[in-house]
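*Asks:* can't give you the sequence, but here's the structure:
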């Protein structure tokens, strides 16, 4: 039985994949599902700004920035959850989003926390 390394102080985002495995590594321990959940609403200023941008058409940058920031926060929370469980990698990472009420959205980042070692 091999000993597992302690969790990293800072989880390495390059050790997160949507695939079932990390090339060059083998899974030595499965720690289960980890997640990061963020619930966000638009501010009144964001709603007005987005409304103005829809008149012009094209990319609605105010909402794109909000979506990107929300996904980044959920991803960071998922990595923190994995590190707290002793993982050094996450496989099968996914995002999900649900509108909880008008203007309020939940973004969930989830995956399988694993301990991997170089092959």
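*Replies:* Thanks, I have it. These numbers were taken from a predicted model, which means no experiment stands behind them. Numbers count the residues shown, from 1 in each chain.
*Asks:* elements contacting the lengthiest strand in the chain?
*Replies:* As assigned by DSSP state E, the longest strand anywhere in the chain is strand 25-41. Where contact means 3 or more CB pairs under 8 Å, 6 or more residues apart in numbering; DSSP states H and E, strand 25-41 is packed against helix 61-84, strand 89-101, strand 104-118. Using the backbone N, CA and C atoms, a C-beta is placed for each residue, glycine as well.
*Asks:* tell me the buried residues in that strand?
*Replies:* Going by neighbour count (16 or more other CB atoms under 10 Å), the buried part of strand 25-41 is 25, 27, 31, 34-36, 38, 40.
*Asks:* going by distance to residue 71, which of those wins?
*Replies:* Set against residue 71, the nearest of the buried residues of strand 25-41 by CB to CB is residue 38 (8.3 Å).
*Asks:* next up, the contacts around that closest one.
*Replies:* Residue 38 is in contact with 70, 73-74, 77, 106-107, counting by CB atoms under 8 Å, 6 or more residues apart in numbering.
*Asks:* in a markdown table: those residues, plus neighbour count and pLDDT.
*Replies:* Converted to a markdown table, the contacts of residue 38 look like this (neighbours: other CB atoms under 10 Å; pLDDT from 0 to 100):
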| residue | neighbour count | pLDDT |
| --- | --- | --- |
| 70 | 19 | 88 |
| 73 | 16 | 92 |
| 74 | 24 | 94 |
| 77 | 18 | 93 |
| 106 | 15 | 89 |
| 107 | 22 | 92 |
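*Asks:* how about residue 95, what does it touch?
*Replies:* Counting by CB under 8 Å, 6+ apart, residue 95 makes contact with 71, 74, 107-109.
*Asks:* so which two of those residues are the farthest from each other?
*Replies:* Every pair of these checked by CB to CB; the farthest is 71 and 108, at 10.1 Å.
*Asks:* re earlier: point out the least confident member of the buried residues of strand 25-41, please.
*Replies:* Ranked by pLDDT, these bottom out at residue 40, which scores 78.
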